[in-house]
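>>> This is the structure alone, sequence omitted:
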């Protein structure tokens, strides 16, 4: 339709990834994470790194801190 932005499957995947990162950060840190901080891959990644560094007392300027998400069951993603 005219004027409507169509989402493609990759957009849905990116949105899902951003939400996964947001909920992971919220779960690990115990702090509410507003969706506005996870609106794109770049913004979500940057927020993830900042929040992780803050939570674990890691200097944010350390460039060798790789992110990690461990899923104990992929069945959660199947539903």
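It's in. Just so you know, these numbers come straight off a predicted model, no measurement behind them. Numbering: from 1, shown residues only.

>>> Over to residue 58. Which of the three states is it?
Recorded secondary structure, residue 58: coil (DSSP: H, G, I helix; E, B strand; the rest coil).

>>> Give the burial count for it, as a bare number.
12 (other Cβ atoms under 10 Å). The way it works is simple: take the backbone N, C-alpha and C, and place the C-beta from them, glycine included.

>>> surely it meets residue 51?
No - between residue 58 and residue 51 there is no contact under Cβ atoms under 8 Å: 10.7 Å.

>>> Can you tell me how far the closest residue to residue 41 other than its chain neighbours is from residue 56?
Spatially, and ignoring its direct neighbours in sequence, residue 41 is nearest to residue 14 (6.0 Å; Cβ to Cβ, 6 or more residues apart in numbering). To residue 56, residue 14 is 26 Å away according to Cβ to Cβ, to the nearest Å.

>>> which element is residue 23 on?
Secondary structure from DSSP states H and E places residue 23 in helix 9-29.

>>> elements contacting that helix?
Judged by 3 or more Cβ pairs under 8 Å, 6 or more residues apart in numbering; DSSP states H and E, helix 9-29 is in contact with helix 41-56.

>>> buried ones in the helix it packs on?
Across helix 41-56, burial judged by 16 or more other Cβ atoms under 10 Å covers 44, 47-49, 51-52.

>>> any idea of the mean pLDDT in that helix?
For helix 41-56, the per-residue pLDDT values average out at 88.

>>> That helix packs against which elements?
In terms of contacts (3+ Cβ pairs under 8 Å, 6+ apart), helix 41-56 is packed against helix 9-29.

>>> Helix 41-56 and the helix it packs on, what's the angle between them?
Helix 9-29 and helix 41-56 are oriented at 10 degrees to each other (axes from the mean of the first three to the mean of the last three Cα atoms, to 10 degrees).

>>> in helix 9-29, what counts as buried?
Along helix 9-29, these residues count as buried under the neighbour rule (16+ other Cβ under 10 Å): 18, 21-22, 24-25.

>>> For residue 39, give its distance to residue 13.
In this view, residue 39 and residue 13 are 15 Å apart by Cβ to Cβ.

>>> hang on, the earlier thing: got the buried residues of helix 9-29 as JSON lines, with distance to residue 9 columns?
Listed next are these as JSON lines, based on distance: Cβ to Cβ, whole Å:
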{"residue": "18", "distance to residue 9": "15"}
{"residue": "21", "distance to residue 9": "19"}
{"residue": "22", "distance to residue 9": "20"}
{"residue": "24", "distance to residue 9": "22"}
{"residue": "25", "distance to residue 9": "25"}
